[in-house]
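**Q** I need the structure of the sequence given here:
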Amino acid sequence: MVSRLRLLRLSLVAGVAAASMATPGFAQPSTDIVVLDLNPHLDHVHVGSMVRVTDRDGYDNQPHFLDHDRLLFVSDREGGRTDIWLHVLSEGSLQRITATPAEAEHSPRLIPGVPGSSGRGAGAPRSDRSLHLAAVRVEADEVSQFLVRYTGDPGDPPLTRGERLLAPLDNIGYHAWAGPRQVAVFRVGSPSSLHLARVDADGALEELRLIQEQVGRSLQSVPGTSEVSYVDLSDRDHPVLRRLDAETGETSAVAPLPVGVEEHAWLSDRTVFMGHEGILYRSTGDERNPWHPILDLGDVVGSFSRIAVVSGGRRIAVVVDRADPQDDPRAAAESRREPGPGELGGMARVEPRAVSLSGRGLARATDPSRTRPRVGDVTLAHLLLHTSGMGSRSSSLYRAQGVLGWDQPLAQVVRKVAALAAGRFPPVQPRDPGPGPGQRRLP
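**A** Here you go, the predicted structure:
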């Protein structure tokens, strides 16, 4: 009877059908992980390169950067239950971190502030190479879910055992660290709940505080702070991204979210990303316009769900769904093909579209009043990147102001780019007027 009640509790969690936790009765979706290098500019970002970390039918998900070069994720590629894997981007290498055939690991995170927890390569002293990771482990009964600590050195054989943290809590779904001794946990239940736990050096639970019920599954550490973020679902028609200060226990609103959106990631303590319908949005705390579209990935990777960002860096990992060949063979082939010219790298163009979602604070991409002024002079590199098609993504703002066009005199292009950089631009027309006389649309 207890087992049935526990199964019922798990199945009632909001959004469980879309969650990637190994929940009884729900099949894992087939997903891949894509890493992109971002270069910010004005109202958008360029994608300098894209690496498909995984490319197979199966579950590869829940990415987490250790640093700019190393990415943790979970995969079911060995035996059907998920283990933790490490991908080194500069080498293209893949290493299995855990091998637990009877259990499944999820949501791997580096425990902050632990001496010797850098997990650096073999060239570093052994004391500085150890990885101290925490992950949610679904036990062999496929019901109990514990937070578990794994400690090992990169290059060693996969770990087969870990230490339970926060015992006796056995319904932990997700977690985010606010420091070496403070961790926020999402507890599975009806309703779901967010708790702040204090753990001692041995991993035992010292203190547990209920912060809020009816919360989303996405918990993230805010870089450089003792805070974590979560999604408040107390009003499901108006979800809100919030921050929790682990020192005071107080929470504060960051920004409203579109209905159904929970996944987010922090670039810094002031800048957070979220994805919606294939578009990457950025928020810096502007109450009037909380979210600004900066990159449309729909034509390159399609819709994406989870996001991981290198703190303070310019690299992002996104999780994309793989099409089912039985449902749509053409879509499946499209999702697996290598991007062609004009879709990736220097020639690619991804333009943020004008977006309006019932006044949820998503700004129009062509509104110049929402852009950042350029610092420094307009250079030849800027012209090559944004007007000749020889660089990276172009901006809807450039199109709206008529900057683009193969047949414009160079002096005219320079004046227009300089005017945009200095904020001297005419009002944006309600619609994109398209190329002017003697111009043609860039491919």
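**Q** going forward, measure contacts and count neighbours with C-alpha atoms only.
**A** Fine.
**Q** Outside of the strand ranked longest in the chain itself, list whatever touches it.
**A** Using DSSP state E, we find that the single longest strand of the chain is strand 31-41. If you take CA atoms under 8 Å, 6 or more residues apart in numbering as the criterion, strand 31-41 is touched by 45-61, 63, 314-322.
**Q** CA-only coordinates of that strand in CSV, if you can.
**A** Output of strand 31-41 as CSV, limited to C-alpha atoms (Å, rounded to 0.1, in the frame of the first residue of the first chain):
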residue,chain,number,x,y,z
THR,A,31,17.3,14.1,-26.7
ASP,A,32,20.6,15.5,-27.7
ILE,A,33,22.9,18.2,-26.3
VAL,A,34,24.3,21.0,-28.4
VAL,A,35,27.0,23.5,-27.3
LEU,A,36,27.2,26.9,-28.9
ASP,A,37,29.8,29.7,-28.5
LEU,A,38,28.1,33.1,-28.2
ASN,A,39,29.5,36.5,-29.1
PRO,A,40,27.2,39.4,-27.8
HIS,A,41,26.6,42.5,-29.9
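**Q** Could you list the buried residues of that strand?
**A** In terms of neighbour count (16 or more other CA atoms under 10 Å), strand 31-41 has its buried residues at 31, 32, 33, 34, 35, 36, 37, 38, 39, 41.
**Q** so which of the residues you listed would you say is closest to residue 183?
**A** Nearest to residue 183 out of the buried residues of strand 31-41 is residue 33 (CA to CA; 26.0 Å).
**Q** Can you report how many residues lie near the nearest residue to the closest one once chain neighbours are set aside?
**A** Distance criterion CA to CA, 6 or more residues apart in numbering; nearest residue to residue 33, sequence neighbours excluded, is residue 319 at 4.7 Å. Neighbours of residue 319 under the rule other CA atoms under 10 Å: 22.
**Q** Parallel or antiparallel, list what pairs with the helix or strand following the longest strand of the chain.
**A** Using DSSP states H and E, the helix or strand that follows strand 31-41 in sequence is strand 44-52. Strand pairing for strand 44-52, using DSSP bridges, gives strand 31-41 (antiparallel).
**Q** returning to what we had before: hang on, the residue nearest to residue 33 packs against residue 55?
**A** No - checked against CA atoms under 8 Å, the pair residue 319 and residue 55 is beyond contact range at 11.4 Å.
**Q** What about residue 316? Give its phi and psi, please.
**A** Phi and psi for residue 316, reported as degrees, to the nearest 10, are phi -130, psi 140.
**Q** what residues are up against it?
**A** Counting by CA under 8 Å, 6+ apart, residue 316 touches 35, 36, 37, 38, 307, 308, 309, 310.
**Q** show me what contacts the spatially closest residue to it that is not a sequence neighbour?
**A** In this structure, residue 316 finds its nearest non-sequential neighbour in residue 309, 4.5 Å apart by CA to CA, 6+ apart. Counting by CA under 8 Å, 6+ apart, residue 309 touches 64, 65, 265, 266, 267, 315, 316, 317.
**Q** count of residues packed around the nearest residue to residue 89 once chain neighbours are set aside?
**A** Spatial nearest neighbour of residue 89, excluding adjacent residues (CA to CA, 6+ apart): residue 69 at 5.3 Å. Using other CA under 10 Å, residue 69 has 13 neighbouring residues.
**Q** Quick check: which ranges of this structure have low pLDDT?
**A** When residues are selected by pLDDT under 70, those of the chain lie in 1-27, 41-44, 115-129, 323-401, 403-407, 417-443.
**Q** Please enumerate the helices of this structure.
**A** 2-11, 329-336, 380-386, 396-400, 410-422 (DSSP state H).
**Q** May I ask you to confirm that residue 264 is in contact with residue 317?
**A** No - using CA under 8 Å, residue 264 is not in contact with residue 317, being 11.5 Å away.
**Q** Which neighbours do the two have in common?
**A** With CA under 8 Å, 6+ apart, residue 264 and residue 317 have common neighbours 307, 308.
**Q** okay, now the domains of this protein?
**A** 2-14+27-323, 368-422 (automatic domain parsing).
**Q** ok, and which of these has the densest surroundings?
**A** domain 2-14+27-323 (a mean of 19; mean count of other CA atoms under 10 Å).
**Q** Check the gap between residue 75 and residue 109 for me.
**A** Distance of residue 75 to residue 109, given as CA to CA, to the nearest Å: 15 Å.
**Q** do the same with residue 414
**A** 47 Å.
**Q** now residue 317
**A** As for residue 317, its distance to residue 109 is 15 Å (criterion: CA to CA).
**Q** cool, and residue 305?
**A** Between residue 305 and residue 109 the computed distance is 18 Å (CA to CA).
**Q** got it, and residue 54?
**A** 19 Å.
**Q** Now do the strands in the stretch 101-250 of the chain.
**A** Assignment of strands within the stretch 101-250 of the chain using DSSP state E, counting those that start in this stretch yields the ranges 104-110, 131-138, 145-152, 163-165, 172-179, 182-187, 193-199, 205-213, 220-221, 227-232, 240-245.
**Q** now those strands in TSV, with distance to residue 274?
**A** Listed next are the strands of the stretch 101-250 of the chain as TSV, based on distance: least, CA to CA, whole Å:
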stretch	distance to residue 274
strand 104-110	18
strand 131-138	23
strand 145-152	26
strand 163-165	30
strand 172-179	17
strand 182-187	19
strand 193-199	20
strand 205-213	22
strand 220-221	12
strand 227-232	12
strand 240-245	10
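**Q** wait, which of those strands is closest to residue 285?
**A** Per CA to CA, nearest to residue 285 of these: strand 240-245, 11.1 Å.
**Q** Next, the angle strand 227-232 makes with the closest one.
**A** Between strand 240-245 and strand 227-232, the angle formed by their directions is 150 degrees, by axes from the mean of the first three to the mean of the last three CA atoms, to 10 degrees.
**Q** what lines up beside strand 240-245 in the sheet?
**A** When sheet partners are counted by DSSP bridges, strand 240-245 sits next to strand 227-232 (antiparallel), strand 251-256 (antiparallel).
**Q** Out of these, which gets nearest to residue 297?
**A** Go through the strands paired with strand 240-245 one by one with CA to CA and the one that ends up closest to residue 297 is strand 251-256, at 22.0 Å.
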